[in-house]
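S.K.: give me a model of this one.
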Amino acid sequence: MHLVENPWVWAIHKTKENSCKRGHKKVYTHQDSCLLKALRLPLTQILTFGKIWKASLPKRLNNPLLSFYCTNNLFLFISFLSMKESIYYPSRDDPDSVEICYKHIKCLDPQTPLTSPVMNFYIRYLHQQASSSRATFHFFNTFFYNKLRNVVSEQKNNKKNPFDKLRRWWKGVHLLQKAYILIPVNDMFHWSLVIICIPDKEESQPIVLHLDSSGLHCSRSIFQNITSFLKEECCYLDHEAGLSDLPISGYWKYLCDHIEEKVLEVPQQKNHYDCGLFVLLFMERFIEEAPERLQKKDLAVFGRHWFKPEEASILRSKIRKLLMEKFRNESSKK
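M.R.: The predicted structure is shown next:
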């Protein structure tokens, strides 16, 4: 590639040249349109792209766009501009798919709290991975708990049962047949995790676990909301659907009045921004290590030394890599 004084002129010339080869001056490929799109971007944005792609810009070249061309990064630059603005995981046809915008990847930068779209992407990813596990799981997204809390609050002053509308969140799913129900909690700019453990024997009882990497959330309030949720679901199944399909059907109404609540000792974050990563790590490790049905004796597995806090940074890189791969794959389908 020959150097020219004005890279903008070169880019326009190159785009027109490619179009002429196709027999018509007004015919442009997607690559051409991306190149023209680049010409309209401020130089500050182009420099940002250079940082993202770790492009080495020669100091002797003052024009950053020219530096991209001269350092053989044109393909990467165009690939970035060609990237889809949003994707759906696992697919757009999936009714439970998660939409992620490219801008959401920014929250995976160092020292940055995770946002709900990225949290929900990885929760959905873990859901896919858990399908091969011996235990059965149900994952709620990051918006469910706040909805549940509002419903519990409304229930006290509402003649109609607000839980009827909430039940749409798990339509078609027999929750109490699952071994575990995982609920991320977001409140006061902090994330924690609730895990509901469903027994399959009458001598056992439901256990609700609360995992918090900094102890900021009020466990008592969370337990009250979760208990109300379980009792309402038992009551609904007893009157509307029947409890006969549950692992210990005749015992469930009794069990809902004997739910054990446990605040787990877990690894603690050393900063104010890794709480979302810790919740995802709690989920990931729990899925890997949980028995088919959890009992009290199994709680010994957890503790402050369950994993090293530094693993949060590793997970941050892993999620970024996964998302970049998904965006590249979707963009290549254009």
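S.K.: quick one: the helices in the protein?
M.R.: Assigned by DSSP state H, the helices in the chain fall at 7-21, 30-39, 43-52, 64-70, 74-82, 116-130, 144-155, 163-166, 219-236, 252-255, 275-289, 311-331.
S.K.: so, low pLDDT: which residues of the chain?
M.R.: 1-84, 159, 202-203, 240-255, 334 (pLDDT under 70).
S.K.: for P206, list the residues it contacts.
M.R.: The neighbourhood of P206, defined by Cβ atoms under 8 Å, 6 or more residues apart in numbering, consists of 196-199, 230, 255-256, 258-260. For glycine as for every other residue, the C-beta is placed from the backbone atoms N, C-alpha and C.
S.K.: filter those residues down to the buried ones.
M.R.: Among the contacts of P206, those classed as buried by 16 or more other Cβ atoms under 10 Å are 196-199, 230, 255-256, 259.
S.K.: farthest pair in those?
M.R.: Comparing all pairs in the buried ones among the contacts of P206 by Cβ to Cβ, the longest separation belongs to C197 and C256, at 13.9 Å.
S.K.: hang on, the earlier thing: nearest to H174 among the contacts of P206?
M.R.: H174 has its nearest neighbour among the contacts of P206 in I198, at 10.6 Å by Cβ to Cβ.
S.K.: residue contacts, that closest one?
M.R.: Counting by Cβ under 8 Å, 6+ apart, I198 touches 176-181, 206, 247, 293.
S.K.: buried subset of the residues you listed?
M.R.: Among the contacts of I198, those buried by neighbour count (16+ other Cβ under 10 Å) are 176, 178-181, 206, 247, 293.
S.K.: need the max-distance pair from those.
M.R.: Maximum pairwise distance among these (Cβ to Cβ): 13.9 Å, between I181 and P247.
S.K.: before we move on, back to that, okay, the contacts of I198 in CSV with distance to L166 next?
M.R.: Formatted as CSV, the contacts of I198 follow (distance: Cβ to Cβ, whole Å):
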residue, distance to L166
L176, 15
Q177, 19
K178, 17
A179, 22
Y180, 20
I181, 14
P206, 19
P247, 23
R293, 26
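S.K.: please narrow the residues you listed to those residing in strands.
M.R.: 180-181 (DSSP state E).
S.K.: outline the domain layout of this protein.
M.R.: As assigned by automatic domain parsing, the chain contains the domains 7-82, 110-309.
S.K.: show me what counts as buried in stretch 153-173.
M.R.: 162-163, 166-167.
S.K.: how about stretch 287-300?
M.R.: 287, 290, 293-294.
S.K.: between those residues, which is nearest Y102?
M.R.: Y102 has its nearest neighbour among the buried residues of stretch 287-300 in I287, at 27.8 Å by Cβ to Cβ.
S.K.: number of residues surrounding the residue lying closest to Y125 once chain neighbours are set aside?
M.R.: What sits nearest to Y125 in space, not counting adjacent residues and going by Cβ to Cβ, 6 or more residues apart in numbering, is L322, at 6.8 Å. Applying other Cβ atoms under 10 Å, we find 15 residues neighbouring L322.
S.K.: mind starting the numbering at 7 from now?
M.R.: From this message on, residue numbering opens at 7, which makes the last subject L328.
S.K.: surely L328 is in contact with R130?
M.R.: No - look at L328 against R130 with Cβ atoms under 8 Å: they stay out of range, at 11.2 Å.
S.K.: number of nearby residues for E91?
M.R.: With other Cβ under 10 Å as criterion, E91 counts 9.
S.K.: ok, now how distant is the closest residue in space to it that isn't next to it in sequence from L132?
M.R.: Excluding the flanking residues, the one nearest E91 by Cβ to Cβ, 6+ apart is Y108, at 5.7 Å. Applying Cβ to Cβ, to the nearest Å, the value for Y108 to L132 is 22 Å.
S.K.: show me the contacts for the residue lying closest to L172 once chain neighbours are set aside.
M.R.: Leaving aside its sequence neighbours, L172 sits nearest to V157 (Cβ to Cβ, 6+ apart; 4.9 Å). V157 makes contact with 168-169, 171-172 under the criterion Cβ under 8 Å, 6+ apart.
S.K.: which one of those residues is nearest L286?
M.R.: L286 lies nearest to L172 out of the contacts of V157, by Cβ to Cβ, at 24.4 Å.
S.K.: so that closest one makes contact with Y151?
M.R.: No - counting by Cβ under 8 Å, L172 does not reach Y151; the two are 11.2 Å apart.
S.K.: identify the bridge partners of V214.
M.R.: On the basis of DSSP bridges, V214 is bridged to I202, E267.
S.K.: now do the contacts for it.
M.R.: By Cβ under 8 Å, 6+ apart, V214 lies in contact with 200-203, 229, 232-233, 236, 265-268.
S.K.: can you check V179 too?
M.R.: H144.
S.K.: done for today, thanks.
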